[in-house]
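> The following comprises the amino acid sequence and a computationally predicted model.
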Amino acid sequence: MFSVAVLVELMRSGTAGGHVKCWERFAESAARLPDTAGLDLTVYFLGDRERIEPLSPRVRFVMLRPVLSTAALTSADDAEDVSDLAPYHPRLATLLPQHDVWHLTHCFAYATTAARLARSAARRGAGRPRVVGSVHTDLPALASVYTRYLAGRAAEEMGEWAGQRAG
């Protein structure tokens, strides 16, 4: 049986966006596969506390707390999902080696942790995990839009502050 880890570096919550919902649906479908399918699937998300949510004996969600959360950078209208900007996630590093395949879906803490572990395994001559990835978000374009959004918000707040000071 192959063990697959999917690394989704976003907070799993009721208001999560399409990326999180997509992986939730994949896992729910995998949980309905017969045991003879030979798949063990763990989807790692960020969460407010560490916990495991089993969907079947061979499919589960694991939520890990972020190391360097972007929660403080989010807007009041929650237009963006929370991620983890840390260069390394120690707890994930202890869990990943149990999986045969690591599927990266972002380029933040989970992905950099996986890359470091894979490089370390290669240097030691140890069995290397199969690392694959998929792109779900055009991060440079999103960062550009989000930066303009934050700059506009800051300018609005500065204008309001200046108006209050003048009045």
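Received it, and whenever you're ready, just let me know what you need.
> ok, now which ones touch residue 48?
Residues near residue 48 by CB atoms under 8 Å, 6 or more residues apart in numbering: 11, 63, 65. Where C-beta positions appear, they are placed from N, C-alpha and C, glycine not excepted.
> ditto for residue 43
5, 6, 8, 23, 24, 26, 27, 60, 61, 62.
> What is the longest strand along the chain packed up against?
Among the segments of the chain that qualify as a strand by DSSP state E, the longest is strand 2-11. For strand 2-11, the packing partners by 3 or more CB pairs under 8 Å, 6 or more residues apart in numbering; DSSP states H and E come out as helix 18-31, strand 39-46, strand 101-104, helix 109-124.
> closest one to residue 82 among the ones you listed?
The closest of the helices and strands packed on strand 2-11 to residue 82 is strand 39-46. By CB to CB, the value is 6.5 Å.
> Sheet partners, orientation included, of the closest one?
Here strand 39-46 is paired, per DSSP bridges, with strand 2-11 (parallel), strand 59-64 (parallel).
> Tell me how far residue 135 lies from residue 14.
25 Å (CB to CB, to the nearest Å).
> typo on my end, it should be residue 130
33 Å.
> Compare neighbour counts for these two and give me the winner.
More crowded of residue 130 and residue 14, by other CB atoms under 10 Å: residue 130, with 12 against 4.
> what sits against the more buried one?
Neighbours of residue 130 in contact, by CB under 8 Å, 6+ apart: 100, 101, 102.
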